[in-house]
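Peer 1: pasting a predicted model and its sequence here:
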Amino acid sequence: MGRCNLFPLSYISRKTDISNIDWCNYVLDCLVRTKNSYIPYSDNSFFVGPSAFLLFYTDNIRSEALTLTRKRPTICYWSSEKIRYRETFEQEKGRFGLGELNEEFVNEQDEGETDLEDSDSDKDEDHFVEAYESKIDGF
């Protein structure tokens, strides 16, 4: 079972203004470093780069491999199996990372539901937390 790499947090003290940290550059550096050590068709090589970026990619880049209804949070709708299937499909087609951008995500409310009504948001939140925890356990 995988774990989150908490090492970068050791560089952040309580006094650090995290809004001044260049997170984009950090994620990009991690992607380059982990991509260089990743061997796609090896049984002993695994992508260990930022999984949040991987989810961002799968949700925002259109693919012929799978058509999913885009919902939030993304982690509840992209399983490891779906990501592996998509990766294999795109590599075999020679199109890995070359898809078109999806349209901007718009969270549509169900008809009749308003912000003032008490919907099943607590149940939904519990569902998302459980789904997230089960996904994390799978890494």
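Peer 2: Sure thing, it's come through.
Peer 1: for the rest of this, base every contact and every neighbour count on C-alpha atoms.
Peer 2: Fine.
Peer 1: now Asn20: how far from Asp29?
Peer 2: Distance, Asn20 to Asp29, using C-alpha to C-alpha, to the nearest Å: 17 Å.
Peer 1: between these two, which has more neighbouring residues?
Peer 2: Asp29 (13 against 7; other C-alpha atoms under 10 Å).
Peer 1: tell me the SS of that one?
Peer 2: helix (DSSP: H, G, I helix; E, B strand; the rest coil).
Peer 1: just to check, Lys35 is in contact with Gly49?
Peer 2: Yes - under the criterion of C-alpha atoms under 8 Å, Lys35 makes contact with Gly49 at 7.3 Å.
Peer 1: the two - which one has more neighbours?
Peer 2: Per other C-alpha under 10 Å, whichever of Lys35 and Gly49 has more neighbours is Gly49, with 19 against 15.
Peer 1: mind listing what's buried in stretch 57-70?
Peer 2: Thr58, Asp59, Asn60, Arg62, Ser63 (16 or more other C-alpha atoms under 10 Å).
Peer 1: which ones are touching Thr58?
Peer 2: Contacts for Thr58 were tallied using C-alpha atoms under 8 Å, 6 or more residues apart in numbering; they are Trp78, Ile83.
Peer 1: relative to Lys15, how far out is it?
Peer 2: To Lys15, Thr58 is 35 Å away according to C-alpha to C-alpha.
Peer 1: which phi and psi does Ile61 have?
Peer 2: Backbone geometry at Ile61, expressed as degrees, to the nearest 10, gives phi -110, psi 120.
Peer 1: now it. Nearest residue, chain neighbours left out?
Peer 2: Among residues not flanking Ile61 along the chain, Leu101 sits closest, at 4.6 Å (C-alpha to C-alpha, 6 or more residues apart in numbering).
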